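A.B. asks: Here is a sequence with its predicted model. Questions after.
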Amino acid sequence: MSGTAGPGRTTVEERGTVRYGPPAPQPGLPVLPELTDVLARAAGRAAPEPTGGGEALRAAACGFWARRGLPTRPENVAAGPGAPGLLLALLGAYGGDVMLPRPCPAWWTPQVRLLGRRAFHVPTPAECGGVPDPYALLETVRRVRAEGGDPRVLLLSVADDPTATVPPPEMLREACEAAESAGLFVVSDESWRDTVHRPHETLVLSPAEMLPDRAAVLVDLSGSLLPAGWPAAVVRFPDTARGGGPRARTLDVLTATGAFVAGPVAGAAAYALDEPDAVGERAYTAAALHGAVAAAAHAELLAAGAFARPPQAGRHLYADLTPLRTGLARHGVGDAMELEDWLGARLGAPTPGAQRFADSPDALRVRLSTGPLLGAGPRERLDSLTAREPLELPHVRASLDRLRSVLAPLAD
């Protein structure tokens, strides 16, 4: 069946296909000049990195994790051209079915299904996203095994897309204890860890600190360090005999699929992972900017009668417009797919619906990105980054006013 399906779509079928899934929220900021210089100097390098990353890249990753309390050796690190390909190789190495929180990042579930594995989504606790409710996890694992399934891996996040929340330490610990009790290996996606809006007030822990023998850490460098167009990601395996086998199998998958980091990008990735002053300052300033704009957008949502957990990390927030269902119904909006189309058209920016994140298609929930709120182009967005009070800039204020003008009539 064909027909119009909203802005950017040509057929109804496009609503559900993977290739039309939403990308991760981007910073919307110009590339850091120091990174551009590093990439330019390496532009003549024709050879890709070795499988799993060269020595310099893996050593830089070790330093990155050591500064976060996770001592790491280069032989326990692998690199790949972006988090999706690296996660695909990692899940291929471990085998079995995969447990995931609901909601979860849009790109997780397709990785599992592409391998022919089953993905089982477990509700998150009321306090946060990113981790499954521990009791629901244990019950789901029990049921799946009773039905002949083979759950082996729990995929979670310590700074979550889509909910923009950070699991409290006690909640993360309970989820890890449940995973250990169930015999699951934990893969922790920590790509957004360094985008926490208030780093001095928000404690971010890693499952690798709690389960050193049973947890791998995945970091997509485009989460906070590199532009999205320079794909690179790293994974940290346990420093045990248990970790050596999966790393070797992960390298096999990377080799078989030709998933090598481009040479020039590897140089920029190593530079970024070393976190020189310019990189660290940009990451900190960008996180604070997105945090301020996310908090303002959150206030607009609450004022209109919608709901959202207070955003703590990333460049987005997850809005629940269920209280505005009556107002939305006047515009023919009754589910997440219709809300995605309707709201995105009025805001002029992608607003992927709940169905993209393994959430209920009937839920009136969407992910709103803060990048489009920073301005219309590089100049305005750079002004937002350097302003003492970015919320007072006319173009930021106009973006927030537009959000209010779309939401306010729905509450009438």
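C.D. replies: Cool, the structure landed.
A.B. asks: following the helix or strand of the chain with the lowest mean pLDDT, which helix or strand shows up next?
C.D. replies: Every helix and strand of the chain was ranked by mean pLDDT, DSSP states H and E. The lowest is helix 241-256, at a mean of 87. Downstream of helix 241-256, the first helix or strand assigned by DSSP states H and E is helix 263-274.
A.B. asks: Quick check: which helices or strands does whichever helix or strand comes after that next one pack against?
C.D. replies: Next helix or strand after helix 263-274 toward the C-terminus (DSSP H and E): helix 277-303. Judged by 3 or more C-beta pairs under 8 Å, 6 or more residues apart in numbering; DSSP states H and E, the packing partners of helix 277-303 are helix 33-41, strand 316-320, helix 378-386, helix 394-407. Bear in mind the C-beta positions are built from the backbone N, C-alpha and C, glycine included.
A.B. asks: any idea of the angle the third one forms with helix 277-303?
C.D. replies: When you say that, I think you mean helix 378-386. Put simply, helix 378-386 runs at 90 degrees to helix 277-303, going by axes from the mean of the first three to the mean of the last three C-alpha atoms, to 10 degrees.
A.B. asks: The last one now?
C.D. replies: Taking the same axes, to 10 degrees, one finds that helix 394-407 is oriented at 30 degrees with respect to helix 277-303.
A.B. asks: what are the ranges of the strands in this protein?
C.D. replies: Secondary structure of the chain by DSSP state E: the strands cover 77-80, 97-102, 119-123, 151-157, 185-189, 215-220, 233-236, 316-320, 365-369.
A.B. asks: what would the ones you listed look like in TSV with mean neighbour count and mean pLDDT?
C.D. replies: Listed next are the strands of the chain as TSV, based on neighbours: other C-beta atoms under 10 Å; pLDDT from 0 to 100:
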stretch	mean neighbour count	mean pLDDT
strand 77-80	28	97
strand 97-102	24	98
strand 119-123	19	98
strand 151-157	25	98
strand 185-189	25	98
strand 215-220	26	97
strand 233-236	27	98
strand 316-320	25	97
strand 365-369	28	97
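A.B. asks: May I see the ones you listed organised as a markdown table, with distance to residue 34 added?
C.D. replies: Formatted as a markdown table, these follow (distance: least, C-beta to C-beta, whole Å):
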| stretch | distance to residue 34 |
| --- | --- |
| strand 77-80 | 21 |
| strand 97-102 | 36 |
| strand 119-123 | 39 |
| strand 151-157 | 28 |
| strand 185-189 | 27 |
| strand 215-220 | 20 |
| strand 233-236 | 20 |
| strand 316-320 | 26 |
| strand 365-369 | 25 |
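A.B. asks: which one of those lies closest to residue 57?
C.D. replies: Residue 57 lies closest, by C-beta to C-beta, to one member of the strands of the chain: strand 77-80, at 5.3 Å.
A.B. asks: any weak-confidence spans in the chain?
C.D. replies: Where the chain drops to pLDDT under 70, the residues are 1-20, 242-243.
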